[in-house]
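>>> Take this sequence and fold it.
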Amino acid sequence: MSTKSRGTNAERDLIRRFWHVGWGAMRAAGSGSQQYPAPDVLASNNVRTLAFECKLTTEKTKYFTKQEVTELIYFAEKFGAEPWLAVKFFREPWYFFTVEDAKETPGSFVVTLAQAKSRGLTFEELIA
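Numbers count the residues shown, from 1 in each chain. All right, here's what the predicted structure looks like:
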């Protein structure tokens, strides 16, 4: 299975999780490859609206480009959503971060597995 297919399947897993707890969720197909900023996943429960940039990795570190994060924030502001970074490390649950919780480097934002376990939110914590 290609990396793109694994990423798509991971996003669909996240969407199923939201639907199972009574939220609405959708995947923005083509996010990152269209003219306008779009998150990977949108979810809402009629009280909160969340926009996610999602990453799947087998490594202990995952990078989000500055452009990905900038576009996520821009979209979230226009859409009235909360911008979130979502990372699914190999054999780990989803972890969620605000942009402020990710470490900023000159060219990217970085999330590590150790950081995820200490500062990231689990799915249950995110929707509480």
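>>> distance between the ends of stretch 86-100?
Counting by Cα to Cα, to the nearest Å, you get 13 Å between the two ends of stretch 86-100.
>>> biggest helix in the protein, by residue count?
The residue-count maximum for a helix in the chain (DSSP state H) belongs to helix 3-20.
>>> now the strands for the chain?
24-27, 41-44, 49-57, 61-65, 82-89, 94-97, 103-104, 108-112 (DSSP state E).
>>> how about CSV for those strands, with distance to Leu72 added?
For every residue, glycine as well, the C-beta is placed using N, CA and C. Listed next are those as CSV, based on distance: least, Cβ to Cβ, whole Å:
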stretch, distance to Leu72
strand 24-27, 15
strand 41-44, 11
strand 49-57, 5
strand 61-65, 8
strand 82-89, 5
strand 94-97, 12
strand 103-104, 14
strand 108-112, 10
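>>> possible to save the ones you listed as JSON lines with mean neighbour count?
Listed next are these as JSON lines, based on neighbours: other Cβ atoms under 10 Å:
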{"stretch": "strand 24-27", "mean neighbour count": "16"}
{"stretch": "strand 41-44", "mean neighbour count": "22"}
{"stretch": "strand 49-57", "mean neighbour count": "22"}
{"stretch": "strand 61-65", "mean neighbour count": "17"}
{"stretch": "strand 82-89", "mean neighbour count": "22"}
{"stretch": "strand 94-97", "mean neighbour count": "22"}
{"stretch": "strand 103-104", "mean neighbour count": "13"}
{"stretch": "strand 108-112", "mean neighbour count": "19"}
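>>> which one of those lies closest to Leu121?
strand 94-97 (4.5 Å; Cβ to Cβ).
>>> from the middle of its chain, how far away would the closest one be?
7 Å (Cα atoms, centre = their mean, to the nearest Å).
>>> Show residues contacting it.
Strand 94-97 is contacted by residues 14, 17, 52, 84-89, 111, 116-117, 119-123, 125-126 when judged by Cβ atoms under 8 Å, 6 or more residues apart in numbering.
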